[in-house]
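Engineer: what's the 3D shape of this:
(one chain, ligands or ions: 1)
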Amino acid sequence: MIIVLFGKPGAGKGTQAPLLAAALGVPTLATGDELRAAIKAGTELGREAKSFMDRGDLVPDAVILGIIKQALAEPRAAKGVLLDGVVRTVPQAEGLAKVAAELGTKVDAVLAFDIDDDEIVRRLASRVMCESCQTPYTGRAPGTACDKCGGTLVRRKDDEPEAIRNRLAVYDRQTRPVLDWYKQHGTKVAVIDAVGSVQDVTARALGVLAG
Ligand code: AMP
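Structural biologist: Below is the predicted model of the structure:
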């Protein structure tokens, strides 16, 4: 089972991913988390990705496809995987389809979290993230402690207004067309209202997957 969580930055993919993954019994792959961890660890991958990420631009497809390929081949992904923040371009959709086919699997559904830009800007302006475990929070003060691991909550550099504007433009230009690609290729695409309580959105997503 491969499920793609899709939507604009700030739509709630990173909040929903662990909740949905726990309910479905599969691991998550969040490419943004992988890249931020690589930057923190000072690896070559991190050095390659950093400038793209700070501006709010997409990291090259070849880099992302390398991460996908490695993650899908891991034993823990044998039952499936929930993808958070990937697929973001049509070449990524094509590459993922190829890797999945080689492993005898495919993308079963795309859950498209729907939210308008005003709400996104409001959410991202008050978003912080744990610098250790990357759990996102809205409305918490930077410098306070993460509920899950006690790490420090920090603002993301790409949540500054200029980078947010760029990320929304990048979404329109490069990411939105991915939905049509999946529809044209016969993959189930479910639009989920992403406004409401965390629990309500989780219930909507699980309802769609059960239906
Ligand atoms: P996220 O945490 O999903 O908001 O991702 C943060 C940043 O990481 C994005 O703005 C991109 O620069 C980069 N990134 C994460 N996932 C991808 C992807 N699938 N394709 C290209 N860039 C990505």
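
Engineer: for the residue in the chain positioned nearest to the ligand, give its distance to residue 188.
Structural biologist: Using Cβ to the nearest ligand atom, the single residue of the chain nearest to the ligand is residue 32, 2.1 Å away. Heads up, the C-betas are built off the backbone N, CA and C, glycines and all. Using Cβ to Cβ, to the nearest Å, residue 32 is found at 24 Å from residue 188.

Engineer: cool, residue 104 as well?
Structural biologist: From residue 104 over to residue 188 (counting by Cβ to Cβ), the distance is 19 Å.

Engineer: who has more neighbours, these two?
Structural biologist: residue 188 (15 against 6; other Cβ atoms under 10 Å).

Engineer: just give me the neighbour total for the residue nearest to the more buried one when sequence neighbours are not counted.
Structural biologist: Spatially, and ignoring its direct neighbours in sequence, residue 188 is nearest to residue 109 (4.4 Å; Cβ to Cβ, 6 or more residues apart in numbering). Using other Cβ under 10 Å, residue 109 has 19 other residues around it.

Engineer: same question, residue 208
Structural biologist: For residue 208, using other Cβ under 10 Å, the count is 14.

Engineer: list the residues that contact the nearest residue to residue 157 once chain neighbours are set aside.
Structural biologist: Distances taken as Cβ to Cβ, 6+ apart place residue 54 nearest to residue 157, at 5.3 Å, with adjacent residues excluded. Applying Cβ atoms under 8 Å, 6 or more residues apart in numbering, we find residue 54 in contact with 157-158, 163.

Engineer: likewise residue 96?
Structural biologist: Contacts of residue 96 by Cβ under 8 Å, 6+ apart are 2, 65, 68, 83, 86-87, 107.

Engineer: give me the buried subset of those.
Structural biologist: 2, 65, 68, 83, 86-87, 107 (16 or more other Cβ atoms under 10 Å).

Engineer: what mean pLDDT does the longest strand along the chain have?
Structural biologist: Determined from DSSP state E, the single longest strand within the chain is strand 107-114. Taken as a whole, strand 107-114 has an average pLDDT of 97.

Engineer: now do it: which elements does it pack against?
Structural biologist: Counting contacts by 3 or more Cβ pairs under 8 Å, 6 or more residues apart in numbering; DSSP states H and E, strand 107-114 packs against strand 2-7, helix 90-102, helix 177-184, strand 188-193, helix 198-210.

Engineer: distance to the ligand and mean pLDDT added to these, as a markdown table?
Structural biologist: Output for these, formatted as a markdown table (distance: least, Cβ to the nearest ligand atom, whole Å; pLDDT from 0 to 100):
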| stretch | distance to the ligand | mean pLDDT |
| --- | --- | --- |
| strand 2-7 | 10 | 98 |
| helix 90-102 | 6 | 97 |
| helix 177-184 | 10 | 98 |
| strand 188-193 | 17 | 97 |
| helix 198-210 | 17 | 96 |
